[in-house]
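Engineer: predicted model, plus sequence, below.
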Protein chains: 2
Amino acid sequence: MSIEQAIDRFLQRHTEDVLVAVSGGRDSMALLHALVSRNTYLDRRVIICHVNHMLRGEESDADQEFVEQSALHLVDGVLSANIDVGMMDGSMESNARDVRYAFFAECAKHENIKDIVLAHHADDQAETVLYNLLRGSSQLKGMKEFSEREVDGVMLKLHRPLLEVSRAEVDTYIIRHGIEYREDSSNAQPVAVRNRLRNEALPLLDDIMQRDVSGRINECMKMAEEDDRWIASGIDASDYIDPQGRLFLPKLKVMHVSVLRRVFKNYLTDNCVVGVSSKLIEQAMNLIDSEQSAKVNLPGGGQICRKEKRIFIKQ
Amino acid sequence: MSIEQAIDRFLQRHTEDVLVAVSGGRDSMALLHALVSRNTYLDRRVIICHVNHMLRGEESDADQEFVEQSALHLVDGVLSANIDVGMMDGSMESNARDVRYAFFAECAKHENIKDIVLAHHADDQAETVLYNLLRGSSQLKGMKEFSEREVDGVMLKLHRPLLEVSRAEVDTYIIRHGIEYREDSSNAQPVAVRNRLRNEALPLLDDIMQRDVSGRINECMKMAEEDDRWIASGIDASDYIDPQGRLFLPKLKVMHVSVLRRVFKNYLTDNCVVGVSSKLIEQAMNLIDSEQSAKVNLPGGGQICRKEKRIFIKQ
């Protein structure tokens, strides 16, 4: 799909004002250009959000200046933040993401716009699916075209209209419109797992298979998600949850493993358990078998336990 | 799982005489050793089948001699064939496979043994799943521990008891028992797609993810296959096939896409259509929409057509 088609489809379906996350890189500058130039009725406000993570010194500052300078005349406003992620503990990647979302929430309150448009494209999607598959997330899972995320009391609405647009289409668009952008030098560094999947693994797989494997991975992911929704649609919690909100064992014992896996996933997430991995789900499912241990520790504290004919969470 | 555990499980479940496919390489020599040494009651015949594909000149002949010499005293017979695959048209890999299966069928008739044990292990399985994912087979799909295949009028029963045994476990077993084997030099050649996935892509992914990705890929594949079986179990052909064996359109129109995909897959394979890819299934599904074309050509000749309220195959 071309960027033009993708953005037209988005603008037809979505008529609210939007925030756009713009790093100054190729993908987000193409997104911004398309959003602004195809928003022909000028009937909605477009506001840029840019986070300077201050990870690359002068280069980061120059990115920020570039975004502010080059895009200001196109949009209704540019909101920027300087946040020194390098000074924080923990994983750089997840800190940078948390900081970005916290800033989006701030922008959402400030502008009273909860819709945020992100520039992830089809090749990012394939990278995400491969990453989820290999790290142990459940099956083939990617980003959603639309999702919601609560951050600091704001329910952000996240839109990714370019998920079906390949990186090659983005390149074509950039060249056709002579769009300027900044190269993020950290994308080329083989430090982070995601960078290595993008720069080493996917190109190698393309070369071995002599085709664009990203498109193929995304097709399979979509089929897996359709299967997931279909199986989930046949599940009715009132069938197996007792009035006290506990899982009723005799009902679980007659379920197919595919249904059971989703019942446990729903039960754990509905009860606000954090870090629900497929490994945790398998462990919790083992509680059904009375020959196995009667409790499993949960990552955020507390346990999921079996007692008589019930399985439940104990804090 | 260790080789010993895997073979004990196989021997408990399976009490018939067996043919064993032995190339002389590491995996098949380990399989053979385990089968013979754990078959403690000597209550079943074990016959080796070895195909000399004559692709590597003297090296191939030496493999054959190695298998015959080193294994003859262990088993009840060695059957070998010399077939010059290099002289045949078409893909070398698929020719070699066809030739192997034709020879297995010959052995099966000769010995009146239809059960064949193959040495594919967990790393081969992950390679197969990745290959199927990337080439466009439907979703995550691997080899089966047990499958049947009709070749030249014989229904071969194929057993792969080592599918949950990693290559590292095979290495451990080879060292522990001092088993001799022959290196197949063609495994190291970067010619074939499968060799490159095995020797380049999977090691790179292990390195990037800092874990054994094969185990992870196989877990996801198993979950996907369970989902597939669960969805398939809810499908009843009498719901949507008319007395003349045609698909009844009004029933198809109310089906979820996940069910529909399997209905079309079953319909095409039940009607002996060859080369049923996920692309062909999608094209056939488009017949439901009366705005689209009313026929789709099938790979082996004939068409699948929509006419009034029916979809059917026309030769």
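Structural biologist: Good, I have the coordinates.
Engineer: what residues does the stretch 201-315 of chain A have near chain B?
Structural biologist: A:201, A:204-205, A:208-209, A:211, A:213, A:216-217, A:219-220, A:223-224, A:226-231, A:233-234, A:256-259, A:261, A:278 (CB under 8 Å from any CB of the partner chain). (Glycine included, C-beta is placed from N, CA and C.)
Engineer: one more time with 6 Å
Structural biologist: Contacts of the stretch 201-315 of chain A with chain B, taken as CB under 6 Å from any CB of the partner chain, map to A:201, A:204-205, A:208-209, A:213, A:216, A:220, A:223-224, A:226-227, A:230, A:256-258.
Engineer: ok, of those residues, which come out buried?
Structural biologist: When those are checked for burial by 16 or more other CB atoms under 10 Å in any protein chain shown, the buried set is A:201, A:204-205, A:208-209, A:213, A:216, A:220, A:223-224, A:226-227, A:230, A:258.
Engineer: in helices, which of those residues appear?
Structural biologist: Judged by DSSP state H, the subset of these located in helices is A:204-205, A:208-209, A:213, A:216, A:220, A:223-224, A:226-227, A:230, A:258.
Engineer: make JSON lines out of those and add pLDDT and distance to B:L19.
Structural biologist: Formatted as JSON lines, those follow (pLDDT from 0 to 100; distance: CB to CB, whole Å):
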{"residue": "A:L204", "pLDDT": "97", "distance to B:L19": "37"}
{"residue": "A:L205", "pLDDT": "97", "distance to B:L19": "36"}
{"residue": "A:I208", "pLDDT": "95", "distance to B:L19": "33"}
{"residue": "A:M209", "pLDDT": "95", "distance to B:L19": "33"}
{"residue": "A:V213", "pLDDT": "94", "distance to B:L19": "37"}
{"residue": "A:R216", "pLDDT": "92", "distance to B:L19": "36"}
{"residue": "A:C220", "pLDDT": "92", "distance to B:L19": "35"}
{"residue": "A:M223", "pLDDT": "92", "distance to B:L19": "37"}
{"residue": "A:A224", "pLDDT": "92", "distance to B:L19": "37"}
{"residue": "A:E226", "pLDDT": "94", "distance to B:L19": "41"}
{"residue": "A:D227", "pLDDT": "94", "distance to B:L19": "37"}
{"residue": "A:W230", "pLDDT": "95", "distance to B:L19": "41"}
{"residue": "A:S258", "pLDDT": "95", "distance to B:L19": "35"}
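Engineer: check those and tell me the two furthest apart.
Structural biologist: Among these, the pair separated by the greatest distance (CB to CB) is A:L204 and A:W230, at 33.8 Å.
Engineer: can you give me the helices for chain A?
Structural biologist: Using DSSP H, helices in chain A cover A:3-13, A:26-38, A:58-71, A:92-111, A:122-135, A:167-176, A:193-196, A:202-209, A:213-233, A:249-253, A:257-270, A:278-285.
Engineer: out of these, name the one with the poorest average pLDDT.
Structural biologist: Among the helices of chain A, helix A:58-71 carries the lowest mean pLDDT, a mean of 78.
Engineer: who's in contact with it?
Structural biologist: For helix A:58-71, contacts defined as CB atoms under 6 Å, 6 or more residues apart in numbering or on different chains pick out A:V22, A:G24, A:I48, A:H50, A:N52, A:M54, A:V78, A:S80, A:R182.
Engineer: and the helices of chain A as JSON lines, adding distance to B:N132?
Structural biologist: Shown next, in JSON lines, are these (distance: least, CB to CB, whole Å):
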{"stretch": "helix A:3-13", "distance to B:N132": "29"}
{"stretch": "helix A:26-38", "distance to B:N132": "30"}
{"stretch": "helix A:58-71", "distance to B:N132": "41"}
{"stretch": "helix A:92-111", "distance to B:N132": "31"}
{"stretch": "helix A:122-135", "distance to B:N132": "13"}
{"stretch": "helix A:167-176", "distance to B:N132": "24"}
{"stretch": "helix A:193-196", "distance to B:N132": "24"}
{"stretch": "helix A:202-209", "distance to B:N132": "11"}
{"stretch": "helix A:213-233", "distance to B:N132": "9"}
{"stretch": "helix A:249-253", "distance to B:N132": "32"}
{"stretch": "helix A:257-270", "distance to B:N132": "20"}
{"stretch": "helix A:278-285", "distance to B:N132": "20"}
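Engineer: right, I'll leave it there.
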